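Colleague: Kindly return the folded structure for what I paste below:
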Amino acid sequence: MKIQAVVLVGGQGTRLRPLTDSRPKPMMSLVDRPFVAHQLDHLVRAGITDVVFSCGYRPDALQDYFGDGSDFGVQMGYVVDPEPLGTAGAVKNAESELDADRLVVFNGDILTDLDLGAMIEAHAASGAIGSIALTPVEDPSAFGLVRLHEDLSVEEFVEKPSADELRPGEPYRINAGTYVLERAALDHIPAGKKVSIERETFPAIAAEGGLYGYPSECYWRDIGTPASYLDANVDVLAEAVRSKSPTPGPFIGEGASVSGATIADDVCVGPLAQIHSGATVVRSVIGARCSIGDGAKVEGALLGDDVIVEPGARVEPGSVIGDGAAIAAGVTVADVVPTGGVAAAEGSLFGSH
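Modeller: Got it, this is the predicted structure:
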């Protein structure tokens, strides 16, 4: 049976700002390539090579980079939502590009080592209209708990359950953002409307007995926040998840200079960056063409492209520095510096340079 993939890449990545001010979240670099390229690698490993990107925010960035997909081993199609359509609406909007009877759908911000082949086999054996990959969590209160019957069909969804809604001893499983759908699932989605697959489409299919869960304890991470995005880079460098990226770390991009600097294993340095002698970088992502001066220290931070960290400055854990920002000599930053912003004295941000 022919299988196509739909990758939902339409979100604006608001939780990752200011890093997503100048690029869509799927095009954020994960070690040596855009994040969504890792998802394409995952699909190709499973033998799925017909892919549609369902786009919204800054679609040209994806189209310019991936083209027809031939350089990445896939046949690539694109659709652009005319307005935000939600996760189900975005799948429905791709219908004109789909001619397969079975679909794999990825949320565009999930890094996972899920065995797609095994999930597709389980889906086919169940006779389901849709199957949802599920990942375990210790505390489901910030998520949507997915309860299953013994045959793994979905019993119910419990959004951000309170303690008194939990059952003693039950497994806490949440939606992991990977789905296998029969084409018939699209009939449950009205065209041209904003529809949530999690809150509207899946409950409707579950009520008919056609939705199954696929529990897995494989590697899984949502890269939607700065902390999780940083962790994803570190995980790839530590070989915690399968990847075509060069590992183990550190990763030093083409043309970057780090001579005389102290660079930890959990660091990504973008192309043409200059880490000057005497600088220290630990557990951080350094964007392209950044400059980190002598004696400066960057730890647990994310730096966009073209950032200048002048000599003796310190960028503390949890900091997110937008493209083209500048950190003045001797200043300590433990905050978000907007794209083009300047940190000229401790705690002060102003203007652009």
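Colleague: Quick one: neighbours of G192, just the number.
Modeller: Residues contacting G192 under the criterion other CB atoms under 10 Å number 11. C-beta: built from backbone N, CA, C; applies to glycine.
Colleague: my bad, should have said A325
Modeller: Quick note: A325 (other CB under 10 Å) scores 27 neighbours.
Colleague: ok, it - contacts?
Modeller: G304, V307, I308, V337, P338, T339, G340, G341, V342, A343 (CB atoms under 8 Å, 6 or more residues apart in numbering).
Colleague: Burial check on the first one, number of neighbours?
Modeller: To tie it back to what came earlier, the one meant is G304. 28.
Colleague: per-residue confidence at Q4?
Modeller: We have a pLDDT of 96 for Q4.
Colleague: Is the residue lying closest to it once chain neighbours are set aside in a helix, a strand, or coil?
Modeller: Distances taken as CB to CB, 6 or more residues apart in numbering place A100 nearest to Q4, at 4.1 Å, with adjacent residues excluded. With DSSP: H, G, I helix; E, B strand; the rest coil as the basis, A100 sits in coil.
Colleague: begin at 687 from here
Modeller: Yes, from this point I'll number from 687; that puts the last item at A786.
Colleague: mind listing what A786 touches?
Modeller: Taking CB under 8 Å, 6+ apart as the definition, contacts of A786 comprise M687, K688, I689, Q690, D736, R869.
Colleague: does the fourth one really touch L789, like I thought?
Modeller: Yes: counting by CB atoms under 8 Å, a contact exists between Q690 and L789, whose distance comes to 5.6 Å.
Colleague: element containing Y751?
Modeller: Under the criterion of DSSP states H and E, Y751 resides in helix 745-752.
Colleague: List the buried residues for that helix?
Modeller: Buried positions in helix 745-752, judged by neighbour count with 16 or more other CB atoms under 10 Å: P745, A747, L748, F752.
Colleague: Could you pull up the mean pLDDT of that helix?
Modeller: 91.
Colleague: helices or strands next to it in the packing?
Modeller: With contacts taken as 3 or more CB pairs under 8 Å, 6 or more residues apart in numbering; DSSP states H and E, helix 745-752 sits against helix 721-731, strand 736-741, strand 761-766.
Colleague: what about that helix, distance to the chain center?
Modeller: 17 Å (CA atoms, centre = their mean, to the nearest Å).
Colleague: Just the C-alphas of that helix, formatted as PDB.
Modeller: This file holds the C-alpha atoms of helix 745-752, laid out as PDB (Å, rounded to 0.1, in the frame of the first residue of the first chain):
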ATOM      1  CA  PRO A 745       6.800  28.900   3.700                       C
ATOM      2  CA  ASP A 746       9.400  30.300   1.300                       C
ATOM      3  CA  ALA A 747      12.200  29.300   3.700                       C
ATOM      4  CA  LEU A 748      11.200  25.600   3.400                       C
ATOM      5  CA  GLN A 749      10.600  25.700  -0.300                       C
ATOM      6  CA  ASP A 750      13.900  27.400  -1.100                       C
ATOM      7  CA  TYR A 751      15.800  24.900   1.000                       C
ATOM      8  CA  PHE A 752      14.200  21.600   0.200                       C
END
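Colleague: Show residues contacting that helix.
Modeller: 695, 709-710, 712-713, 720, 722-723, 726, 739, 741, 758, 762, 764, 766.
Colleague: Try it again at 7 Å.
Modeller: Contact partners of helix 745-752, identified using CB atoms under 7 Å, 6 or more residues apart in numbering, comprise V695, R709, P710, P712, M713, P720, F739, C741, F758, M762, Y764, V766.
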